[in-house]
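**Q** Provided below are the primary sequence and the corresponding predicted coordinates.
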Amino acid sequence: MKKTILLISILFINIVVGCDKNEKITRLLKSTDLNEVIEGAFLAGKSKNEKHVPLLLLNANDWRTSTSFRFKGFSVYEEKMYALEQIYNISPPKPIKSRPDSLIINFYDSIYKSRLK
């Protein structure tokens, strides 16, 4: 009986923490602050949750580059594409660089659309 209660408690905590983490990622990806968007993309890639793909594809050609210590030199586009690469576990047809590339954006957009069907 105690093991069952412990197992249910652990499961409940994991669900609550997981939901909170997804909400944080969503909030960061919707932000207007470029460092928050970059952090959100980074966390979305680590989570490997396809739920975040629409927000990663939204304004994917954002070329703004971070000057913060943690993400210095990374563009919003670059971090979003790396996140999509991690989520789908599929490398794009060309290397991801800091400047937006419509071929790579369209590549991940087509994967997203094909999985909706």
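**A** That came in fine, so what should we check first? Note that the structure is a prediction, hence the values are computed from the model and not measured.
**Q** quick one: the helices in this structure, in order.
**A** Counting by DSSP state H, one finds helices in the chain at the ranges 2-29, 34-47, 53-57, 76-88, 102-116.
**Q** let me have the ones you listed in CSV, adding mean neighbour count as columns.
**A** Glycine gets a C-beta too; all of them are placed from N, C-alpha and C. Below are the helices of the chain laid out as CSV (neighbours: other CB atoms under 10 Å):
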stretch, mean neighbour count
helix 2-29, 12
helix 34-47, 21
helix 53-57, 19
helix 76-88, 23
helix 102-116, 14
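**Q** can you tell me which of those the model trusts least?
**A** Ranked by mean pLDDT, the helices of the chain bottom out at helix 2-29, with a mean of 66.
**Q** before we move on, the earlier item: make TSV from the helices of the chain and add distance to residue 63 to it.
**A** Shown next, in TSV, are the helices of the chain (distance: least, CB to CB, whole Å):
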stretch	distance to residue 63
helix 2-29	17
helix 34-47	10
helix 53-57	15
helix 76-88	6
helix 102-116	12
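**Q** dump the residue contacts of the closest residue to residue 36 other than its chain neighbours.
**A** Excluding its sequence neighbours, the residue lying closest to residue 36 (CB to CB, 6 or more residues apart in numbering) is residue 28, at 4.7 Å. Contact analysis of residue 28 by CB atoms under 8 Å, 6 or more residues apart in numbering lists 36-37, 39-40, 43.
**Q** quick check: residue 28 vs residue 44, distance?
**A** Distance of residue 28 to residue 44, computed by CB to CB, to the nearest Å: 8 Å.
**Q** and if you look at residue 100?
**A** Distance of residue 100 to residue 44, computed by CB to CB: 18 Å.
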